[in-house]
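Asks: coords please:
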Amino acid sequence: MSTYEIEAGRRVLVTGAGGGIGRAVVAALLERRIEVIALDLPRVLDANPLPPSVACFPCDLANEASVAATFKAIAARWPALDGMVALAGFARARTALADVDHAAWSDVLGGNLDTSYLPLRAALPLLRAGTEPAIVTMASGLAVKAAPGFGAYGVAKAGVIALTKLLAAEEAPVIRVNAVAPSAVDTPFLRGGIAHGTADQPVRMDINAYLTTIPLGRLATADDIVGPILFLLSPGARYITGQTLHINGGGLMP
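Replies: This next block holds a predicted model:
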């Protein structure tokens, strides 16, 4: 096996595992004989059952008590983790920032930033006990390229990038921590997400207008995001930490 591939036999935890990207990540890890622990909301895991070989833990990732109880159960079964992919998040319908009330603002920040911070914090003791552990978080191009109507989401994802950098600095040299920042990905997320019961609704953007801004001329698919995540988990990225890898078909070239 190439040293640039994630090794078989490692143990990786995936949050937001029931979503479009999450399911693709889980499938790719299983193909590589990685042991997978999956976390997501109960209704998401019920709507999208994962393979029986995956250890699934229903969890409200924005709730501190739920996260603490879940990681207590995980730690009782596994003494260490070798990797973590933190994918949980969602966006509301496009709304000008001046029209976003505090409840909606808090909901989006909690659903993206808290759902990253709480499980990451809880996982650190297990990751420190792992073998060459690595974390990959889920940011967004909207964190660095302001798009009218996605203010709360962009701010939350900018927070995820800051969280990634801070963890990379504080947990070095033991744990590597990097982010991926996709553009629009053709999954139920574009309709609001499975967790919010809007996966069968129309896409919340003008796809044709959007594609005129993408040099590669198409939406990303979940599989387009999987490869970079696997790379950042692998020994091939052993000298990379605190970075944000943009995956956007050329739509943003920072």
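
Asks: avg pLDDT for the longest helix along the chain?
Replies: Selection of the longest helix in the chain by residue count, based on DSSP state H, yields helix 151-171. Average pLDDT, helix 151-171: 97.

Asks: and the contacts of the following helix or strand past it?
Replies: The helix or strand immediately downstream of helix 151-171 is strand 176-182, counting by DSSP states H and E. Contact partners of strand 176-182, identified using CB atoms under 8 Å, 6 or more residues apart in numbering, comprise 21, 133-141, 143-144, 157, 160-161, 164-165, 167-168, 171, 220, 224-225, 228-229, 232, 237-238, 240-248. Any C-beta I mention is one placed from the backbone N, CA and C, and that applies to glycine too.

Asks: so how do I select the buried members of those residues in PyMOL?
Replies: Taking 16 or more other CB atoms under 10 Å as the burial criterion, the selection of buried members of these in PyMOL is written as:
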select buried, resi 21+133+134+135+136+137+138+139+140+141+143+144+157+160+161+164+165+167+168+171+220+224+225+228+229+232+237+241+242+243+244+245+246+247+248
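
Asks: of the contacts of strand 176-182, which belong to helices?
Replies: Among the contacts of strand 176-182, the residues falling in helices (DSSP H) are 21, 157, 160-161, 164-165, 167-168, 171, 224-225, 228-229, 232.

Asks: wait, doesn't residue 35 sit right on residue 13?
Replies: No: Residue 35 sits out of contact with residue 13 when judged by CB atoms under 8 Å, with a separation of 9.6 Å.

Asks: tell me which of those two has more neighbours.
Replies: Set residue 35 next to residue 13 and count neighbours by other CB atoms under 10 Å: residue 13 wins out with 26 against 18.

Asks: what is the mean pLDDT for the strand or helix carrying that one?
Replies: Residue 13 is part of strand 11-15, with elements assigned from DSSP H and E. Mean per-residue pLDDT for strand 11-15: 98.

Asks: output it as CSV, nothing but the C-alphas.
Replies: Output in CSV follows, covering the C-alpha atoms of strand 11-15 (Å, rounded to 0.1, in the frame of the first residue of the first chain):
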residue,chain,number,x,y,z
ARG,A,11,-10.2,3.9,13.9
VAL,A,12,-12.0,7.0,12.6
LEU,A,13,-14.9,8.9,14.1
VAL,A,14,-17.3,10.8,11.8
THR,A,15,-19.8,13.3,12.9
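
Asks: pull the distance from stretch 226-236 to the chain's centre.
Replies: Stretch 226-236 sits 13 Å away from the centroid of its parent chain (CA atoms, centre = their mean, to the nearest Å).

Asks: who touches that stretch?
Replies: In contact with stretch 226-236 (CB under 8 Å, 6+ apart) are residues 2-7, 12, 21, 24-25, 28-29, 32, 83, 85, 132, 134, 136, 176, 178, 180, 237, 240, 245, 247.
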